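Fold the following for me, if possible:
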Amino acid sequence: MKYEKQEVELSEVAKNGKNIALSKSSFINHVENNLFKEVDITSFSSAFALIEYILQDYTNNKANEIEISSGAYLRNYSQ
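This next block holds a predicted model:
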């Protein structure tokens, strides 16, 4: 585990009780306020782009079909 460019042994963290974890809301606040200036978060963009594509595909699909492969659709039939 690295924190502030320094190696930290997990056993040492457990011994001295130093907690370096953030809650989800604290993490979001840090990201929104640019407090992680040294951290590169661009790798998340591809994951968010995929999620956005899936959501758009789902919401744009008016015929109640799901694209299961490029050009292949599965229609949801009610029972």
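
the strands in the protein, which residues?
Counting by DSSP state E, the segments of the chain that form strands are 2-3, 6-7, 65-69, 72-75.

mind giving me the domain ranges of the chain?
1-40, 42-79 (automatic domain parsing).

that older thread, least reliable of the strands of the chain going by mean pLDDT?
Ranked on mean pLDDT, the bottom entry among the strands of the chain is strand 2-3, at a mean of 49.

where does this protein have low pLDDT?
Applying pLDDT under 70 to the chain flags the ranges 1-14, 17-19, 61-63, 77-79.

The same query, at a cut-off of 80, please.
Applying pLDDT under 80 to the chain flags residues 1-20, 37-41, 57-67, 71, 73, 75-79.

and the longest helix along it, what other elements does it pack with?
Ordering each helix of the chain by length in residues (DSSP state H) puts helix 44-60 first. Using 3 or more C-beta pairs under 8 Å, 6 or more residues apart in numbering; DSSP states H and E as the contact test, no helix or strand touches helix 44-60. C-beta coordinates here come from the backbone N, C-alpha and C atoms, glycine included.

With only the CA atoms kept, save that helix in PDB.
Once non-C-alpha atoms are left out, helix 44-60 reads as follows in PDB (Å, rounded to 0.1, in the frame of the first residue of the first chain):
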ATOM      1  CA  PHE A  44     -11.900   5.500 -15.100                       C
ATOM      2  CA  SER A  45     -13.200   7.300 -18.300                       C
ATOM      3  CA  SER A  46     -13.400   4.100 -20.300                       C
ATOM      4  CA  ALA A  47     -15.400   2.400 -17.700                       C
ATOM      5  CA  PHE A  48     -17.800   5.300 -17.400                       C
ATOM      6  CA  ALA A  49     -18.100   5.500 -21.200                       C
ATOM      7  CA  LEU A  50     -19.100   1.800 -21.400                       C
ATOM      8  CA  ILE A  51     -21.700   2.300 -18.600                       C
ATOM      9  CA  GLU A  52     -23.000   5.400 -20.500                       C
ATOM     10  CA  TYR A  53     -23.200   3.300 -23.800                       C
ATOM     11  CA  ILE A  54     -25.100   0.500 -22.000                       C
ATOM     12  CA  LEU A  55     -27.500   3.000 -20.500                       C
ATOM     13  CA  GLN A  56     -28.100   4.800 -23.800                       C
ATOM     14  CA  ASP A  57     -28.600   1.500 -25.600                       C
ATOM     15  CA  TYR A  58     -31.100   0.400 -23.000                       C
ATOM     16  CA  THR A  59     -33.100   3.700 -22.900                       C
ATOM     17  CA  ASN A  60     -33.100   4.100 -26.700                       C
END
